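Chemist: Sequence first, then the predicted structure, then my questions.
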Amino acid sequence: MSEMMERVKQLETLFEKYEITASELAQVRLLEEKLNKQEMTVSVIGQFKRGKSTLVNGILGEKVMPVGIVPVTAVVTTVKYGERGARVHFENGAVIDTSFEGISQYINEQENCDNHLGVSKVELFVPADFLKTGITLVDTPGVGSVHQKNTEAATAFVKESDAVIFLLSVDSPINSIETDFLAQTREFASKFYFAVNKADVVDEDDLEDYLSYCRRLIAKLMEASDIHLFAVSAKKKTGLDDLTEAVEKDCLQRAGEILEGSVKLKLRDVVSSALTQITLYRTALNMTGEEFEEKFAVMNACFEAVKEEAAAFGQEFAKNGNMLQAQLNNFKNQLSDKVQELFGIEYHYDLPVVDLGATDAAHDALDKIVFDRQVEELCRELSGTLNTIFMYREENAYTVVRRINDLNRLVRSLAKIRTELSE
Ligand SMILES: Nc1nc2c(ncn2[C@@H]2O[C@H](COP(=O)(O)OP(=O)(O)OP(=O)(O)O)[C@@H](O)[C@H]2O)c(=O)[nH]1
Ligand SMILES: [Mg+2]
């Protein structure tokens, strides 16, 4: 077993013991899957309008992504090898299959403004040679535009990237939005390719000046003696081969090493977030009984509102099990947001994927009676868990002390692991 896999298993065992680290447990399990599959996620990232989507199209050899002069990409779009197809994932776990021609309505900022449709990502399958090595190529929204949600979506996806193609453009020297974003990305991705786009708009001398200026600056930022810059024109399709060959070669020869590096960085982040979570939990524990009662009353009102909404919703969709399941996921999101707001801690739910395009017969479809029972259960469980984790009615001092000692042990183990992962 590799060193990182051992770490993953060690953290899994630790997180399994505590309710408050359920979100970290889920993240560690995804990293385990990443190591098992040995598939690299390569994201194209950068400031808005640098030509990321045009570059993705250039690499794939066909126009898959919408591009334009105004901010366009509003949703993270992953592209994998496969028979041509498109799948849209929503924040409540719902998915629908759609045609290639139909994807713009979900991806494009001009159509899906501020992502009002609540799309979490679009997944495309394309039979392009570049993807044959098992690479997942990702087009991300640009950072730094007035559309704050796009910056947030791109920044969040960096956490899932193993390698990144950081795209600059010759029509504008690297700026502080880009250098800040690069610094953030270094916390999560272990491999960088720097590409400078729109090489077609300047003459050779200007291009050389730009490249040597950027090379020096980026080498300093990356704490490297030298940096390779790929000068490309995504639009005119020049310089793309050098870039794609470099990525493909690394994917074939160094995927294991790149993934270990990326998992190491991501584990460090997971451990830090678990430590933050414990701090928040401890702060919440210091709440007086009165405060807890007050917050719990608000939580109870939220349970009642959810049940009421469920009753009304159920009537309309009594025969559509998938819609009911998606609504159940919505309630889970609503409840965990409320817990975060009131108690300051993260409450994690696994959201099952709900295929809205599939027929009920193909699924263990929910019916109205089961739906109502599950909503009841959801509320009862959360109420029970909150009581347990806050030990509110815990009168046995011995149990309380034991739990606190237990938590202290967890903090010590995590702090040690974090130091080791930083070496
Ligand atoms: N001259 C020139 N224009 C380019 C090149 N690549 C992209 N463009 C143009 O730059 C504009 C932005 O391209 P996009 O691919 O949409 O840029 P993006 O980075 O994906 O933009 P967002 O998704 O909004 O962040 C479009 O008008 C493209 O035609 C290039 O190599 N040369
Ligand atoms: Mg784009």
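Modeler: Right, received. Where do you want to start? Ligands and ions are numbered 1, 2, ... in the order given.

Chemist: And the nearest residue to residue 52 once chain neighbours are set aside, which helix or strand is it part of?
Modeler: Nearest in space to residue 52, with sequence neighbours left out and distances taken as Cβ to Cβ, 6 or more residues apart in numbering, is residue 44 at 4.6 Å. C-beta: built from backbone N, CA, C; applies to glycine. When secondary structure is defined by DSSP states H and E, residue 44 falls within strand 41-46.

Chemist: Contacts only, for residue 122.
Modeler: The contact partners of residue 122, taken as Cβ atoms under 8 Å, 6 or more residues apart in numbering, are 75-78, 86-89, 103, 106-107.

Chemist: Quick check on those residues: which are buried?
Modeler: The neighbour count (16 or more other Cβ atoms under 10 Å) marks 75-78, 86-89, 103, 106-107 as buried among those.

Chemist: mind listing which of those residues are in helices?
Modeler: Here DSSP state H is the test, and these give 106-107 as lying in helices.

Chemist: Nearest to residue 383, out of the buried ones among the contacts of residue 122: which one, please.
Modeler: Closest to residue 383 out of these is residue 89 (29.9 Å), distances taken as Cβ to Cβ.

Chemist: re the thing from before, note down every partner strand of the strand holding residue 44 and its orientation.
Modeler: strand 136-139 (parallel), strand 163-169 (parallel) (DSSP bridges).

Chemist: in the helix or strand following the longest one, what's buried?
Modeler: Secondary structure here is assigned by DSSP H and E; on that basis, the next helix or strand after strand 163-169 toward the C-terminus is helix 176-185. Using 16+ other Cβ under 10 Å as the test for burial, helix 176-185 gives 177-178, 181-182, 185.

Chemist: Please determine whether whatever helix or strand comes next after helix 176-185 lies in contact with ligand 2.
Modeler: As assigned by DSSP H and E, the chain's next helix or strand after helix 176-185 is strand 191-197. No - between strand 191-197 and ligand 2, judged by Cβ under 5 Å from the ion, nothing touches; the nearest distance is 11.7 Å.

Chemist: Strand 191-197 near ligand 1 anywhere?
Modeler: Yes - Strand 191-197 lies within reach of ligand 1 by Cβ under 6 Å from any ligand atom, at residue 197.

Chemist: now swap in stretch 219-235 and tell me
Modeler: Yes - in terms of Cβ under 6 Å from any ligand atom, part of stretch 219-235 sits within range of ligand 1, namely 233-235.

Chemist: Any regions of the stretch 301-423 of the chain where pLDDT drops low?
Modeler: Applying pLDDT under 70 to the stretch 301-423 of the chain flags the ranges 314-319, 359-365, 391-396.

Chemist: now the helices for it?
Modeler: In the stretch 301-423 of the chain, the helices defined using DSSP state H, counting those that start in this stretch lie at 321-343, 368-390, 397-422.

Chemist: Quick one: the buried residues of helix 176-185 as JSON lines, columns for pLDDT and distance to residue 10 too.
Modeler: Formatted as JSON lines, the entries for the buried residues of helix 176-185 read as follows, by pLDDT from 0 to 100; distance: Cβ to Cβ, whole Å:
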{"residue": "177", "pLDDT": "95", "distance to residue 10": "38"}
{"residue": "178", "pLDDT": "96", "distance to residue 10": "37"}
{"residue": "181", "pLDDT": "96", "distance to residue 10": "32"}
{"residue": "182", "pLDDT": "96", "distance to residue 10": "31"}
{"residue": "185", "pLDDT": "96", "distance to residue 10": "27"}
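
Chemist: Pick the one among those residues closest to residue 170.
Modeler: Set against residue 170, the nearest of these by Cβ to Cβ is residue 178 (13.3 Å).

Chemist: For the closest one, which non-adjacent residue is spatially closest?
Modeler: Spatially, and ignoring its direct neighbours in sequence, residue 178 is nearest to residue 47 (5.4 Å; Cβ to Cβ, 6+ apart).

Chemist: Likewise for residue 143?
Modeler: For residue 143, ignoring the flanking residues on the chain, the nearest one in space by Cβ to Cβ, 6+ apart is residue 151 at 4.4 Å.

Chemist: what residues are up against that neighbour?
Modeler: When contacts are counted by Cβ under 8 Å, 6+ apart, residue 151 is found next to 141-145.

Chemist: In strands, which of these appear?
Modeler: Judged by DSSP state E, the subset of the contacts of residue 151 located in strands is empty.

Chemist: Out of these, flag the one nearest to ligand 1.
Modeler: residue 142 (2.4 Å; Cβ to the nearest ligand atom).

Chemist: Around that closest one, how many other residues sit close by?
Modeler: Counted with other Cβ atoms under 10 Å, residues neighbouring residue 142 total 26.

Chemist: how big is the angle separating the longest helix anywhere in the chain from helix 368-390?
Modeler: Using DSSP H to define each element, the chain has its longest helix at helix 255-285. Taking axes from the mean of the first three to the mean of the last three Cα atoms, to 10 degrees, one finds helix 255-285 and helix 368-390 inclined to each other by 70 degrees.

Chemist: Summarise which helices and strands helix 255-285 is packed against.
Modeler: Secondary-structure packing of helix 255-285 (3 or more Cβ pairs under 8 Å, 6 or more residues apart in numbering; DSSP states H and E): helix 3-16, helix 22-37, strand 191-197, helix 368-390, helix 397-422.
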